[in-house]
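*Asks:* Task: produce atomic coordinates for the following.
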Amino acid sequence: MAIDALAVAALKALVVLSVLILLIGLIKPKWVLFWMKKPDRLLVTIIALPLFMAAFTGYTELTVKPKPKTEKQRNLDEINELNLGSNPRR
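*Replies:* The predicted structure is shown next:
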């Protein structure tokens, strides 16, 4: 349980960090890509957006729980299952 809380906190921080990287990099790309001689905004975007998507997906997977199925949904799932061993309806 403590590992989940630590992972959620780390992913939240990574989401915020990726947004900051994107915003700062779009204004001053040299601040984010300080090791490059000629940094550009496209490279900052290429780095920040996948980082944001991965962090937000991980955060969502750890925090959002699926809704329980209703009786109607369960019946529809049973109807849609393939009954290959049974006789076809005529």
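*Asks:* Go through stretch 40-57 and flag the buried ones.
*Replies:* Buried residues in stretch 40-57, counted by 16 or more other C-beta atoms under 10 Å: 44, 47-48, 51-52, 55-56. C-betas here are computed from N, CA, C, even on glycine.
*Asks:* Relative to the whole chain's centre, how far out is that stretch?
*Replies:* 12 Å (C-alpha atoms, centre = their mean, to the nearest Å).
*Asks:* again, but for stretch 12-30
*Replies:* Offset of stretch 12-30 from its chain centre (C-alpha atoms, centre = their mean): 17 Å.
*Asks:* Quick check: which ranges of the protein have low pLDDT?
*Replies:* Low-confidence segments of the chain, defined by pLDDT under 70: 1, 69-74, 76-90.
*Asks:* Now for the residue lying closest to residue 51 once chain neighbours are set aside, how many residues are close by?
*Replies:* Beyond its immediate neighbours in the sequence, the residue positioned closest to residue 51 (C-beta to C-beta, 6 or more residues apart in numbering) is residue 18, lying 4.2 Å away. Number of residues near residue 18 (other C-beta atoms under 10 Å) recorded here: 20.
*Asks:* Check which helices and strands the host helix or strand of residue 18 sits against.
*Replies:* Under the criterion DSSP states H and E, the helix or strand holding residue 18 is helix 2-27. When contacts are defined as 3 or more C-beta pairs under 8 Å, 6 or more residues apart in numbering; DSSP states H and E, helix 2-27 sits against helix 29-32, helix 41-63.
*Asks:* Can you give the distance of the last one from its chain's centre?
*Replies:* The one in question is helix 41-63. Distance of helix 41-63 from the chain centroid (C-alpha atoms, centre = their mean) equals 7 Å.
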